[in-house]
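Asker: pasting the sequence and the predicted model now:
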Amino acid sequence: MRKIIHLTTVHGRNDVRIFHKQCRSLAAAGYDVTLVVQDGKGDENRDGINIRDLGLPPSGRVRRILLSPWRAYRSLRKVPADIIHFHDPELLPVGLLLKRGTHHVIYDSHEDVPRDILSKYWIPAALRKMLSFLFEKLENYIAKRLDMVVGATPFIAKRFQRINPNSIAVNNFPIQEEFQPANEEQPFSRTICYIGGITRVRGITELIESLGILRDVKLIMCGPFESKAYEEELLSLADWKYVDYRGIVGRKEVSKIMADSALGVVTYLPSPNHTDAQPNKMFEYMAAGLPFIASNFPLWRQIIEETQCGVCVDPSSPAEIAKAIAKLLSDEAMCRAKGNAGRKAIIDRFNWLSESKKLLTLYAELK
């Protein structure tokens, strides 16, 4: 039985991509899987996966970025493993050091980090371009020397293929069985949902302002705020009264919220890390049989037009968002047709089962 270690010092032990999709798929295929995390919740074994805890993360973002990699390296440098698969860009130096041993090392790039740096609010604007440039140089240097790079989207994988030919996309498509469409006998409501990180660049302010135009639509929203300051800013908006904020919820509650909603929203604002992204929630809405309103980025528009599962809008325009919400909610038959079309696309094409086969194939090739 080959021993596999998945490593993250940023994501939690319940991370959907890491634990629920990758680790569980590998364990089901017969691998001895250990997930190393840093959350202070202790060691445990769940679903045949050994979860090993490095302890509470260092306080503060900068301390975590600087100290966590050293902690992870000290913990793993003498641990026997056939493959070490790490998920955080701050662990790139650790991956390079571990590659010098007998391990195969895989870097799982969830985001296009150099472009993501350009929109990080906590980095001074004057430093972002320089840091983006320097990080890309470091990332390329290390990625070239690893056994494999896994990109969460085709765009990310294509970027790394120029550096390391052993780069593939393992898309973050949903586990089909996790979401079930609402019963068609359920009353059609004027409730919509947004599920995910609550950040300025994800167009949350504009979405809430659109509710003030409609005045009779409730938005169920759940997820973490990017900062206390942004949370206070949103709560002070007059249109916040149309929001039913549920906090940070588990997977079962996410599924229930979707079942109780008529449509979903994913109206991210344009940024270098959004226009070529494939947001998890877009596909989860589809898996739940929910039509959705999305940003009019070319890639997103292509997916939506091919599957006929939603409507594209200018995410910076509350009026256009409101108009799209009103149009969908005024036509129950159209809503249900788009929801069913999205669900069919998940069953036929955008599902984790097909992506897990790619993951298992690449592991089999690392001898």
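Answerer: Sure thing, it's come through. Numbering: from 1, shown residues only.
Asker: ranges for the helices of the protein?
Answerer: Per DSSP state H, the chain carries helices over the ranges 24-28, 61-76, 92-99, 113-117, 125-143, 154-161, 204-214, 228-235, 251-259, 280-287, 298-307, 318-329, 332-348, 352-365.
Asker: what sits against residue 73?
Answerer: Listed by Cβ atoms under 8 Å, 6 or more residues apart in numbering, the contact set of residue 73 reads 94, 97-98. Glycine gets a C-beta too; all of them are placed from N, C-alpha and C.
Asker: kindly recompute the last result at 10 Å.
Answerer: Neighbouring residues of residue 73 by Cβ atoms under 10 Å, 6 or more residues apart in numbering: 7, 91, 93-95, 97-98.
Asker: equivalent analysis for residue 255, please.
Answerer: By Cβ under 10 Å, 6+ apart, the contact set of residue 255 is 178-180, 249, 284, 287-288.
Asker: try 6 Å
Answerer: By Cβ atoms under 6 Å, 6 or more residues apart in numbering, residue 255 lies in contact with residue 179.
Asker: where does the chain dip in pLDDT?
Answerer: For the chain, the stretches flagged by pLDDT under 70 are 183-185.
Asker: domains of it?
Answerer: Per the record, the chain has its domains at 3-173+351-365, 176-348, by automatic domain parsing.
Asker: from residue 12, how far out is residue 248?
Answerer: Distance, residue 248 to residue 12, using Cβ to Cβ, to the nearest Å: 10 Å.
Asker: these two: who's more crowded?
Answerer: Counted by other Cβ atoms under 10 Å, residue 248 and residue 12 do not tie: residue 12 has more neighbours, with 13 against 9.
Asker: neighbours around the closest residue to that one other than its chain neighbours, how many?
Answerer: Leaving aside its sequence neighbours, residue 12 sits nearest to residue 39 (Cβ to Cβ, 6 or more residues apart in numbering; 5.7 Å). Residue 39: 18 surrounding residues under other Cβ under 10 Å.
Asker: do the same with residue 256
Answerer: Using other Cβ under 10 Å, residue 256 has 15 other residues around it.
Asker: equivalent analysis for residue 134, please.
Answerer: For residue 134, the neighbour count with other Cβ under 10 Å is 13.
Asker: then residue 119?
Answerer: Residue 119 has 18 nearby residues by other Cβ under 10 Å.
Asker: now do it against residue 202, distance only.
Answerer: Computed with Cβ to Cβ, the distance linking residue 119 and residue 202 is 10 Å.
Asker: same question for residue 160.
Answerer: Going from residue 160 to residue 202 by Cβ to Cβ gives 25 Å.
Asker: equivalent analysis for residue 347, please.
Answerer: Applying Cβ to Cβ to residue 347 and residue 202 gives a distance of 28 Å.
Asker: compare those two (neighbour count), which wins?
Answerer: Just comparing residue 347 and residue 202: by other Cβ under 10 Å the higher neighbour count belongs to residue 202, 23 against 13.
Asker: how about that one: what's its closest non-neighbour residue?
Answerer: residue 268 (4.9 Å).
Asker: just checking, the one you found touches residue 277?
Answerer: No - the pair residue 268 / residue 277 is not scored as a contact, 7.7 Å apart, by Cβ atoms under 6 Å.
Asker: follow-up on the earlier one: is it possible to export the contacts of residue 73 to CSV including neighbour count?
Answerer: As requested, the contacts of residue 73 are exported to CSV (neighbours: other Cβ atoms under 10 Å):
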residue, neighbour count
7, 30
91, 23
93, 13
94, 26
95, 25
97, 15
98, 24
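Asker: out of those, the closest to residue 235 would be?
Answerer: Relative to residue 235, the closest of the contacts of residue 73 is residue 91; by Cβ to Cβ it sits at 35.3 Å.
Asker: many thanks, have a good one.
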